[in-house]
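S.K.: can't give you the sequence, but here's the structure:
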């Protein structure tokens, strides 16, 4: 499988992937998923063998990159794409946006995944769109 993970201006494709994963699969309300911040975000797109299969976005506030909307299509999970997307986010956050640290809200079932990538959980568990989350961060 040939995979590329890179910044993209193709927001429509990212929104389509997020619709499938968050709105259709995880029942996140559309009004919460489409929050109006995509125009100011840097988007990362994963393409496997010519097919868009995952994405994320990065919002910069001061020197901190907020990574969010990380998703991989269900039939492509378990192939290491999530880790590649996060690596792409961290690289872009540091080299393109000049961020010194990155932050994300992890669904609680994914905390172990992010810990393996160097993130550390902090703060209490909270509800986001009906799904338990916990904040995590990493120094770049």
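M.R.: Here it is on my side, so go on. Keep in mind the model is a prediction, meaning the values are calculated, not measured.
S.K.: what helix or strand does the residue nearest to residue 102 when sequence neighbours are not counted sit in?
M.R.: Leaving aside its sequence neighbours, residue 102 sits nearest to residue 65 (Cβ to Cβ, 6 or more residues apart in numbering; 4.4 Å). Where C-beta positions appear, they are placed from N, C-alpha and C, glycine not excepted. For residue 65, the enclosing helix or strand under DSSP states H and E is strand 64-72.
S.K.: Okay, now the sheet partners of that strand, with direction.
M.R.: The sheet places strand 64-72 alongside strand 51-61 (antiparallel), strand 101-107 (parallel), with pairing taken from DSSP bridges.
S.K.: Show me the contact partners of the helix or strand that comes right after the shortest one.
M.R.: Sequence-wise, the next helix or strand downstream of strand 101-107 (DSSP H and E) is helix 111-116. Contact with helix 111-116 is made by 82-83, 86, 104, 106, 121, 134, 136, as judged by Cβ atoms under 8 Å, 6 or more residues apart in numbering.
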